[in-house]
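**Student:** sequence? don't have it. structure:
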């Protein structure tokens with residue numbers, strides 16, 4: 001039977017120390033629910049002794065039911081030269097209602113004498129008294145030995161004394177912390193091996209990523225005997241971040257055969273990682289292992305040709321195991337295999353020997369030469385392929401558009417777009433304002449189309465990026481506009497390229513709405529009765 005390893009998630013506490021991350025109480029509640037569904041064993045909710053936000057989180061968590069996880073409150077050992085029973089922070093841990101208390105204490109003699117400025121003996125008493133107080137209050141106690149690896153390298157005898165004090169007081173877990181993130185895997189292996197020979201209490205690992213070794217060090221610790229891993233989803237945390245649980249969990253389970261979470265829960269890993277990145281308002285790197293959008297993406301034609309025969313030729317595991325999916329990118333590097341796979345995904349009637357195939361490949365390569373980049377715009381690519389292999393209904397055609405930008409005396413800037421389009425043989429003329437030229441253009445086009453396609457009201461622009469392609473030409477350079485759109489059920493990306501930013505934006509905007517209507521929603525034009533009911537009239 002596989003050895004069990006417990007996952008301790010500190011996204012809500014240590015993760016929020018990362019630059020640019022700030023979570024509301026409601027955010028933390030949402031993330032906690034997702035982590036519980038994922039199957040993590042401990043969720044560290046925060047430090048109830050430090051701020052009112054964390055106090056409120058624990059108050060709300062007490063009313064919730066968690067299926068898999070124990071809610072954990074974080075704090076420190078008692079202050080020097082005081083009683084544990086009088087320590088405000090320790091009492092807040094008990095009052096939090098959390099099942100588990102995680103407290104940190106000093107393991108590095110340098111920190112004892114320099115940071116908290118007390119004696120080595122008093123530090124040992126602080127550890128013992130604090131763990132004993134929390135255990136007597138009925139809590140499970142995890143002792144985080146802060147700076148343990150640095151402390152051990154400097155004074156191994158004293159570092160071991162600190163964790164033995166925690167064990168003597170009844171700690172349920174002793175977690176060894178590489179707080180500065182500067183240790184190497186071979187050092188982790190040697191020290192954890194030694195520690196497990198000196199203490200009988202189960203050992204955990206808390207690694208940071210300052211040398212980009214957070215995951216490697218966590219795996220090394222488990223292989224050396226640690227049975228709990230602390231980390232954060234997507235590796236969020238102070239400085240360079242904490243050990244990334246989104247990589248640690250599948251590595252432990254799929255590569256090292258440890259019992260971590262169920263395989264059904266593992267299939268939700270990608271969606272949980274992306275959900276938390278959205279809640280935290282943090283960009284998720286496309287190349288993040290296992291859960292990134294490009295983790296199982298293939299671009300080179302030779303690679304794609306091989307994975308068509310057997311995916312294991314260029315994939316180290318099945319993306320479905322972690323809830324991700326294989327993606328084939330179509331670009332100037334593409335061969336027939338790339339287009340074949342993409343066409344199969346779209347259920348297109350495709351023959352790789354057909355002349356259309358060669359023509360569309362050449363067209364894609366030519367467009368990429370002009371500045372298009374289809375791996376970032378699947379919706380534009382899908383429209384291109386459907387047009388080539390199926391033919392698409394022309395939802396509307398542009399006759400003209402004009403842009404007016406006026407700066408008024410009160411210093412405000414007003415943008416207005418005037419659009420003339422033909423829809424089902426009828427010319428529609430609309431005008432609309434916006435908080436910028438692209439927004440005004442978007443509003444005017446929607447105003448024209450909503451009479452015929454009422455469901456277009458559910459489509460919204462969620463992101464807009466511009467990149468200058470010819471920097472040497474300065475403001476006259478060609479630009480690439482990438483738009484992300486959503487209907488709140490799914491998202492898609494479109495792009496446009498031009499030396500005029502408004503024209504590039506128009507191309508991306510048109511593809512976004514065409515994709516919503518043709519490729520996704522397959523919306524039928526509103527009939528006259530529907531138009532009257534909606535109160536829509538032609539302009």
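**Tutor:** Happy to help now that I have it. Just so it is clear, the model here is predicted, and its values are computed rather than measured.
**Student:** from the chain's centre, how far out does stretch 193-208 sit?
**Tutor:** 30 Å (CA atoms, centre = their mean, to the nearest Å).
**Student:** Please apply the same query to stretch 170-185.
**Tutor:** In terms of CA atoms, centre = their mean, the centre of stretch 170-185 is found 25 Å from the chain centre.
**Student:** again, but for stretch 453-464
**Tutor:** Going by CA atoms, centre = their mean, the spacing between the C-alpha centre of stretch 453-464 and its chain's C-alpha centre is 24 Å.
**Student:** same deal with stretch 493-503?
**Tutor:** If you compare the mean C-alpha spot of stretch 493-503 with that of the full chain, they lie 28 Å apart, counting by CA atoms, centre = their mean.
**Student:** before we move on, what about stretch 404-413?
**Tutor:** When distances are taken as CA atoms, centre = their mean, stretch 404-413 is centred 39 Å away from the chain's centroid.
**Student:** May I see the buried residues of it?
**Tutor:** Neighbour-count burial for stretch 404-413, with 16 or more other CB atoms under 10 Å as criterion, is recorded at no position. (C-beta placed from N, C-alpha, C; glycine too.)
**Student:** what do you get for stretch 265-272?
**Tutor:** For stretch 265-272, burial by neighbour count (16+ other CB under 10 Å) applies to 265-266, 268-272.
**Student:** Kindly report the same for stretch 487-497.
**Tutor:** Buried residues in stretch 487-497, counting neighbours by 16+ other CB under 10 Å, are found at 487, 492-497.
**Student:** where does the stretch 201-350 of the chain dip in pLDDT?
**Tutor:** Applying pLDDT under 70 to the stretch 201-350 of the chain flags the ranges 300-301, 304, 328-342, 344, 349-350.
**Student:** Run through the helices of it in chain order.
**Tutor:** Taking DSSP state H, counting those that start in this stretch to define them, one finds helices in the stretch 201-350 of the chain at 214-223, 245-250, 263-266, 269-279, 301-309, 336-345.
**Student:** Single out the most deeply packed of those helices.
**Tutor:** Neighbour counts (mean count of other CB atoms under 10 Å) averaged over each of those peak at helix 245-250, with a mean of 26.
**Student:** That one: how far from the chain's middle?
**Tutor:** Helix 245-250 has its average C-alpha position 13 Å from the chain's average C-alpha position, going by CA atoms, centre = their mean.
**Student:** picking that back up, mind putting the helices of the stretch 201-350 of the chain into CSV with distance to residue 363?
**Tutor:** As requested, the helices of the stretch 201-350 of the chain are exported to CSV (distance: least, CB to CB, whole Å):
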stretch, distance to residue 363
helix 214-223, 42
helix 245-250, 38
helix 263-266, 40
helix 269-279, 32
helix 301-309, 16
helix 336-345, 11
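**Student:** Looking at the ones you listed, which is nearest to residue 121?
**Tutor:** helix 214-223 (29.0 Å; CB to CB).
**Student:** Against which helices or strands is that closest one packed?
**Tutor:** Taking 3 or more CB pairs under 8 Å, 6 or more residues apart in numbering; DSSP states H and E as contact, the helices and strands that helix 214-223 lies on are helix 185-198, strand 203-207, strand 228-231, helix 245-250.
**Student:** ok, back up a step: let me have the buried residues of stretch 487-497 in JSON lines, adding secondary structure, distance to residue 133 and pLDDT as columns.
**Tutor:** Supplementary listing: the buried residues of stretch 487-497 in JSON lines, determined by DSSP: H, G, I helix; E, B strand; the rest coil; distance: CB to CB, whole Å; pLDDT from 0 to 100:
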{"residue": "487", "secondary structure": "coil", "distance to residue 133": "54", "pLDDT": "77"}
{"residue": "492", "secondary structure": "strand", "distance to residue 133": "55", "pLDDT": "85"}
{"residue": "493", "secondary structure": "strand", "distance to residue 133": "55", "pLDDT": "86"}
{"residue": "494", "secondary structure": "strand", "distance to residue 133": "60", "pLDDT": "91"}
{"residue": "495", "secondary structure": "strand", "distance to residue 133": "60", "pLDDT": "88"}
{"residue": "496", "secondary structure": "strand", "distance to residue 133": "64", "pLDDT": "91"}
{"residue": "497", "secondary structure": "strand", "distance to residue 133": "66", "pLDDT": "92"}
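**Student:** So, low pLDDT: which residues of the protein?
**Tutor:** Across the chain, residues meeting the criterion (pLDDT under 70) sit at 300-301, 304, 328-342, 344, 349-354, 375-376, 411, 470-477, 488-489, 519-539.
**Student:** hang on, the earlier thing: please identify which of the helices and strands packed on helix 214-223 is closest to residue 102.
**Tutor:** Closest among the helices and strands packed on helix 214-223, once you apply CB to CB, is strand 228-231, at 8.7 Å.
**Student:** and the closest one, which strands flank it?
**Tutor:** strand 6-9 (parallel), strand 203-207 (parallel) (DSSP bridges).
**Student:** what's the distance between the shortest one and the middle of its chain?
**Tutor:** To tie it back to what came earlier, the one meant is strand 6-9. Centre-to-centre, strand 6-9 and its host chain are 18 Å apart (CA atoms, centre = their mean).
**Student:** So for it, what gets flagged as buried?
**Tutor:** Neighbour-count burial for strand 6-9 [16+ other CB under 10 Å]: 6-9.
**Student:** Next, the angle helix 269-279 makes with the helix or strand just after that strand.
**Tutor:** On the C-terminal side of strand 6-9, the nearest following helix or strand under DSSP states H and E is helix 25-38. Orientation check (axes from the mean of the first three to the mean of the last three CA atoms, to 10 degrees): helix 25-38 against helix 269-279 gives 180 degrees.
**Student:** what residues does helix 25-38 touch?
**Tutor:** If you take CB atoms under 8 Å, 6 or more residues apart in numbering as the criterion, helix 25-38 is touched by 9, 11-12, 23, 43, 45-46, 53, 56-57, 60-61, 64, 66-69, 71, 233, 261, 265, 268-269, 272, 275-276, 279-280.
**Student:** Those, buried ones only, as a PyMOL selection?
**Tutor:** Only the buried entries of the contacts of helix 25-38 go into this PyMOL selection, using 16+ other CB under 10 Å:
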select buried, resi 9+11+12+23+43+45+46+53+56+57+61+66+68+69+71+233+261+265+268+269+272+275+276+279+280
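**Student:** Stretch 423-441 spans what distance, first to last residue?
**Tutor:** Taking CA to CA, to the nearest Å, the span from the opening residue of stretch 423-441 to its closing residue is 17 Å.
**Student:** Other residues contacting it?
**Tutor:** Here stretch 423-441 makes contact (CB under 8 Å, 6+ apart) with 395-396, 399, 401, 403, 405, 414-422, 442-449, 451-452, 464, 502, 505-506, 509, 525, 538-539.
**Student:** Just the buried residues from these, in ChimeraX please.
**Tutor:** Below is the selection syntax for ChimeraX that covers the buried ones among the contacts of stretch 423-441, with 16+ other CB under 10 Å defining burial:
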select :395,396,401,403,415,416,417,418,419,420,421,442,443,444,445,446,447,448,449,451,452,464,505,506,509,525
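**Student:** Now intersect the contacts of stretch 423-441 with the helices, please.
**Tutor:** Using DSSP state H, the subset of the contacts of stretch 423-441 located in helices is 442-449, 502, 505-506, 509.
**Student:** which among those residues gets closest to residue 318?
**Tutor:** Sorting those by distance to residue 318 puts residue 509 at the head of the list, at 37.2 Å, by CB to CB.
**Student:** residues in contact with the closest one?
**Tutor:** Under the criterion of CB under 8 Å, 6+ apart, the neighbours of residue 509 are 438, 441-442, 445, 461, 483, 494, 496.
**Student:** do the same with residue 504
**Tutor:** When the contact criterion is CB under 8 Å, 6+ apart, the partners of residue 504 are 466, 479-481, 496-498.
**Student:** and what of residue 227?
**Tutor:** Going by CB under 8 Å, 6+ apart, residue 227 touches 3-6, 202-204.
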